[in-house]
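Chemist: I need the structure of the sequence given here:
(chains A and B)
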Amino acid sequence: MKSEQNEQALLKGLANNDSKAIETIYKDNFSMVQAFVLNNNGSYDDARDVFQEAMIALYEKAQSESFVLTCQIKTYVYSICRRLWLKKLQQLGRFSNQVDNLDETVPVEEDLEIHEKRNAEFAIMDRAMKSLGEPCKSLLEGYYLKKMGMQELAAEFGYTNADNAKNQKYKCLMRLKKLFFSQYNIGD
Amino acid sequence: MDDIQLLANIESYLAGEMSPTEVAIFEALRKKTPEIDQMVVEHKLFQHQMEDYAATQNIKHTLHVVHAKLLENGDLNEGGELSAKAQVVQLWNRYKRVTAIAASVGGVIALVISGLVAYFSPAVNGNQIQQLSKDIEIIKRNQQYQGSLINEVKSKIPNGVTVISGGSGFLIDAKGFIITNAHVLKGTAAVVVDSKGREYNATIVHIDTKKDLAILKINDGDFTPLKSLPYSIGKSNADLGDEIFTLGYPRNDIVYGVGYLASKTGFNGDSLSYQIQISANPGNSGGPVLNNNGEVIGVLSTRQAQADGVAFAVKSKNIFEFVNEAKENDTTLEHLKIPVHSTMKGTSRKQQISKVADCVYNVKAFSKK
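Modeler: Down below sits the predicted model:
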């Protein structure tokens, strides 16, 4: 079986968005989650969505510096998926009687609350980005997601120099902020 | 200060790219203008949101890529038909271990079988041991043999028959009884030739393939019985290291060979024969093996194919048993008397050879059509 160190290394890889580590975690856990979802009134797509969401939750958790996983990755992923899927079933009004309680689970409610808050924030930002229109969307994505430099962006988007691109970026950023804060309540 | 300039200043302030003096000026401005302070806080939060957004986007992308890759490799199954490639990969992954085990088991079995074959085969492998008769059909004799074909008119071998096998034989009774190996006589009748080239017709009187012995009787008016035989047939076992010699017909001329008794048992511990160290060739089969006292201790029969000079001789005491059996079956053998006294004791080897040579015959067996 995997040693604790091995699991720690995997989580570190996950936090750094390392595809090798993600692949390993994926291989080790996906079929278990898939079987669970399929046995409980779900489809292959549902299984994939649930598993990927759990992976994101684990990723968010792994990123925080104070992070310590007190159980095996398998147990944690299963617990999250189980929680997520049962919730989804409730929302859809589909019920499953045969949910088996035999597998070991850990309490994940708190983690899921944090995850859901981040999900909501993500959705707001996503909506804001999508309603931004081009070329603003691509320009901001290039800068914030792909971490491209101003010089690169200027070349890619056809601005005469980096300063021009920077100016354009700020204009876009201001529009995005406006869109974002119209949805987002700072007080929350 | 326009909005863009302000935003740029806030970004560089938050990123810590300002010089200390600039920071001082900017912080004074922040204190003086609550709106600007508000904007800084707001932007900090926004930046944090943006980072989270970017990170989540990136991890989602990676997950998507990994999922697609694993699906392609067949590590994941989403119910649909697996692609041919994925199927192969999956089958290989699944049966890798089984295949490896099967291959090693196969290897081990192959080794065991070849080991067993190697262990057990000497008992049945005729190649290891070679009978010293001359399979004339196969070997085709040398020039001498062809010479004898030319003289066929004079030969007593009937016309139209071919000599199947040949070897040596020697008298056990002066009246014309010759003992030889059973494997020498592959045919139904034989012609024997003495050391001076005279041919006599002979019939097979008794044959025993298990003991590998046979008795021929010369039935020929030309044959003049000898007064007595110079050698005796030994009744007791010979001793290791006994010097021995033999006379036989690997060619059409008589050939002398000398050696020693190497073992009291024959091939694979066969207690009916001796192992002797002597140079023997096809045609020596059926020849007598004598010791220094002029006692026949055995009948030269086989040799080991892969070893040089290792030959085997049927023990002479088998001759007595064999003759007794023959006598029971055939009353004409009543008068057959095996010589038990050697007259050659103490004589020189040359004298021994010349005496024994008269009693050793070249046996040519053939089948009557």
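
Chemist: Nearest the middle, which residue of the chain would you pick?
Modeler: Just going to use chain A. Residue closest to the average C-alpha location in chain A (CA atoms, centre = their mean): A:Ile56, at 3.6 Å.

Chemist: Sorry, I should have been clearer: chain B.
Modeler: B:Ala118 (5.9 Å).

Chemist: What is the burial count for the residue lying closest to B:His206 once chain neighbours are set aside?
Modeler: The spatial neighbour of B:His206 that comes closest, neighbours along the chain excluded (CB to CB, 6 or more residues apart in numbering or on different chains), is B:Ala326 at 3.8 Å. For every residue, glycine as well, the C-beta is placed using N, CA and C. Other residues near B:Ala326 come to 20 when the count uses other CB atoms under 10 Å in any protein chain shown.

Chemist: Name the SS class of B:Ala326, please.
Modeler: helix (DSSP: H, G, I helix; E, B strand; the rest coil).

Chemist: Next, the contact list for the residue of chain A most remote from its centre, please.
Modeler: Going by CA atoms, centre = their mean, the residue of chain A most distant from its centre is A:Thr160, 36.3 Å out. Contact analysis of A:Thr160 by CB atoms under 8 Å, 6 or more residues apart in numbering or on different chains lists A:Ala154.

Chemist: how near is it to chain B?
Modeler: Distance of A:Thr160 to chain B, given as CB to the nearest CB, to the nearest Å: 17 Å.

Chemist: got it, and A:Leu84?
Modeler: 15 Å.

Chemist: Contacts for the helix or strand containing that residue, please.
Modeler: A:Leu84 is located in helix A:73-92, with elements delineated by DSSP states H and E. Contact with helix A:73-92 is made by A:7, A:10-11, A:25, A:28-29, A:32-33, A:36-37, A:40-42, A:46, A:50-51, A:53-55, A:57-58, A:69, A:95-96, A:99, A:103-109, A:111-112, as judged by CB under 8 Å, 6+ apart.

Chemist: Show me what the next helix or strand after that helix is packed up against.
Modeler: Using DSSP H and E, the helix or strand that directly follows helix A:73-92 along the chain is helix A:109-130. Here helix A:109-130 touches helix A:44-63, helix A:73-92, helix A:136-140, helix A:162-183, helix B:34-73, going by 3 or more CB pairs under 8 Å, 6 or more residues apart in numbering or on different chains; DSSP states H and E.

Chemist: Which strands and helices lie in contact with the fourth one?
Modeler: So the one you mean is helix A:162-183. helix A:109-130, helix A:136-140, helix A:150-157, helix B:3-14, helix B:34-73.

Chemist: Outside of the third one itself, list whatever touches it.
Modeler: Meaning helix A:150-157. So helix A:150-157 is contacted by A:135, A:138-139, A:142-143, A:148, A:159-162, A:164-166, A:168-169 (CB under 8 Å, 6+ apart).

Chemist: Show the buried residues in those.
Modeler: A:138-139, A:142-143, A:148, A:159, A:165-166, A:168-169 (16 or more other CB atoms under 10 Å in any protein chain shown).

Chemist: and the two most separated of those?
Modeler: A:Ser138 and A:Lys166 (15.5 Å; CB to CB).

Chemist: Past the helix or strand of chain B with the lowest mean pLDDT, which element shows up next along the chain?
Modeler: Ranked by mean pLDDT, DSSP states H and E, the helix or strand of chain B with the weakest confidence is helix B:143-150, at a mean of 49. Counting by DSSP H and E, the next helix or strand C-terminal to helix B:143-150 is strand B:163-173.

Chemist: right, and the helix or strand after that next one?
Modeler: Counting by DSSP H and E, what follows strand B:163-173 is strand B:177-180.

Chemist: what angle do the helix or strand following that next one and strand B:163-173 make?
Modeler: Heading C-terminal from strand B:177-180, the first helix or strand you meet, by DSSP H and E, is strand B:189-193. With axes from the mean of the first three to the mean of the last three CA atoms, to 10 degrees defining the directions, strand B:189-193 sits at 70 degrees from strand B:163-173.

Chemist: Not counting its neighbours along the chain, what's nearest B:Cys359?
Modeler: B:Leu171 (4.3 Å).

Chemist: Can you report how many residues lie near the one you found?
Modeler: When neighbours are counted by other CB under 10 Å, B:Leu171 comes out with 26.

Chemist: Can you verify my assumption that it contacts B:Val192?
Modeler: No: B:Leu171 is not in contact with B:Val192 according to CB atoms under 8 Å; the separation is 9.8 Å.

Chemist: Common neighbours of the two, please.
Modeler: B:178, B:361.

Chemist: rewinding a little: look at the residue nearest to the centre of chain A and report its pLDDT.
Modeler: pLDDT, A:Ile56: 88.

Chemist: For the closest residue to it other than its chain neighbours, list the residues it contacts.
Modeler: Sequence neighbours aside, B:Ile59 is the residue nearest to A:Ile56 in space, at 5.9 Å (criterion: CB to CB, 6+ apart). By CB under 8 Å, 6+ apart, B:Ile59 lies in contact with A:17, A:55-56, A:59.

Chemist: Using JSON lines, lay out the residues you listed together with distance to B:Met344.
Modeler: Below are the contacts of B:Ile59 laid out as JSON lines (distance: CB to CB, whole Å):
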{"residue": "A:Asn17", "distance to B:Met344": "106"}
{"residue": "A:Met55", "distance to B:Met344": "105"}
{"residue": "A:Ile56", "distance to B:Met344": "111"}
{"residue": "A:Tyr59", "distance to B:Met344": "108"}
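
Chemist: Now do the residue nearest to B:Cys359 against chain A, distance only.
Modeler: 88 Å.

Chemist: again with B:Ala103
Modeler: 26 Å.

Chemist: mind checking which helix or strand that residue is in?
Modeler: Using DSSP H and E, B:Ala103 falls in helix B:84-120.

Chemist: I'd like the average pLDDT over whichever helix or strand comes after that helix.
Modeler: The helix or strand immediately downstream of helix B:84-120 is strand B:129-131, counting by DSSP H and E. Per-residue pLDDT over strand B:129-131 has a mean of 73.

Chemist: That concludes my questions; thank you for your assistance.
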